[in-house]
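[1] Got a predicted model here, sequence first, then my questions.
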Amino acid sequence: MNYLDSSIKKYLDDLSAKLPAPGGGSAAALVSTTGVSCILMVANFTIDKKGYEQYQDELKKILFELSIFNSQLSALIDEDVKAYTVLSNSYKLPKNTTDEITKRKEEIQLSLKNSLSVPCKIFKICIEVLPFAERLSEIGNKNLLSDVACGVSILRAGIESAKFNIDINLKFIEDVDFVKETKPKYEKMMKDAFEEIEKILKKLR
């Protein structure tokens, strides 16, 4: 199933149904894409608009960068579904012999790290969008600043929901050094991102 090419109704129906996927990770990608789209809209409504001539070169660059982030986040909606499916299949591997138990354990650990990579990407992309949102709060179409605020607020939800998915995967990863390095890194990044978000929203309230 490729949700990116399906209707919103189909996606939400499946998300709310008793299905293994899509789940919270995919939803985090969808939410984050929505946040970037709000901010992209402001850039599109500012470019070529009278009164904003001095920002046109900068706006073109912002538009280009945000479009790339939006495409990357959109792709992660389905990438998370695929990663979860692989993880789910690894738990179904046979465990009747010592070799099978070892192979199953290795596959689960490999799949957990692969699953973890998706929310990590969502998390990082959302953070990379913030400077562009802040700049648009200064040079964007004044009639659409509430959309910048909505986008940033939605990105905060994307970051936090991605973090929940990072944490749940880390909980089952047995590579102690990897967990010890990864968990505090993302906690610090989230703290810094939320401070940045508050700074942007404070200017827009």
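    That came through fine.
[2] out of all of them, which helix in this protein is the longest?
    Across the chain, the helix with the greatest residue count (assigned by DSSP state H) is helix 98-139.
[3] what mean pLDDT does that helix have?
    For helix 98-139, mean pLDDT is 97.
[4] next helix or strand past it?
    Later in the chain than helix 98-139, the nearest helix or strand by DSSP states H and E is helix 145-172.
[5] Can you work out which other helices and strands pack against that next one?
    Judged by 3 or more Cβ pairs under 8 Å, 6 or more residues apart in numbering; DSSP states H and E, helix 145-172 is in contact with helix 24-46, helix 98-139, helix 176-204. (C-beta placed from N, C-alpha, C; glycine too.)
[6] now that helix against helix 24-46, angle please.
    Angle, helix 145-172 to helix 24-46, by axes from the mean of the first three to the mean of the last three Cα atoms, to 10 degrees: 160 degrees.
[7] Identify each buried residue in the helix or strand hosting Thr85, please.
    Using DSSP H and E, Thr85 sits within helix 56-91. Residues of helix 56-91 classed as buried: 59, 62, 65-66, 69-70, 72-74, 76-84, 87, 90 (neighbour count, 16 or more other Cβ atoms under 10 Å).
[8] Tell me how far that helix lies from the chain's centre.
    Taking Cα atoms, centre = their mean, to the nearest Å, one finds the center of helix 56-91 at 7 Å from the center of the full chain.
[9] same deal with stretch 111-130?
    For stretch 111-130 - counting by Cα atoms, centre = their mean - the centre lies 6 Å from the chain centre.
[10] which residue of the protein sits farthest from its center?
    What lies farthest from the middle of the chain is Thr97; by Cα atoms, centre = their mean that is 39.4 Å.
[11] Backbone dihedrals for it, both of them.
    The phi and psi values for Thr97, taken as degrees, to the nearest 10, are phi -120, psi 170.
[12] My guess is Phe172 contacts Leu112. True?
    Yes. Using Cβ atoms under 8 Å, Phe172 is in contact with Leu112, at 5.6 Å.
[13] Which of those two has more residues huddled nearby?
    Per other Cβ atoms under 10 Å, whichever of Phe172 and Leu112 has more neighbours is Leu112, with 21 against 13.
[14] how close does the more buried one get to Phe45?
    42 Å (Cβ to Cβ, to the nearest Å).
[15] Quick check, central residue of this protein?
    Nearest to the mean C-alpha position of the chain, by Cα atoms, centre = their mean, lies Ile122 at 2.6 Å.
[16] Once you drop chain neighbours, what's closest to that one?
    Ala162 (4.1 Å; Cβ to Cβ, 6 or more residues apart in numbering).
[17] This completes my enquiry, with thanks.
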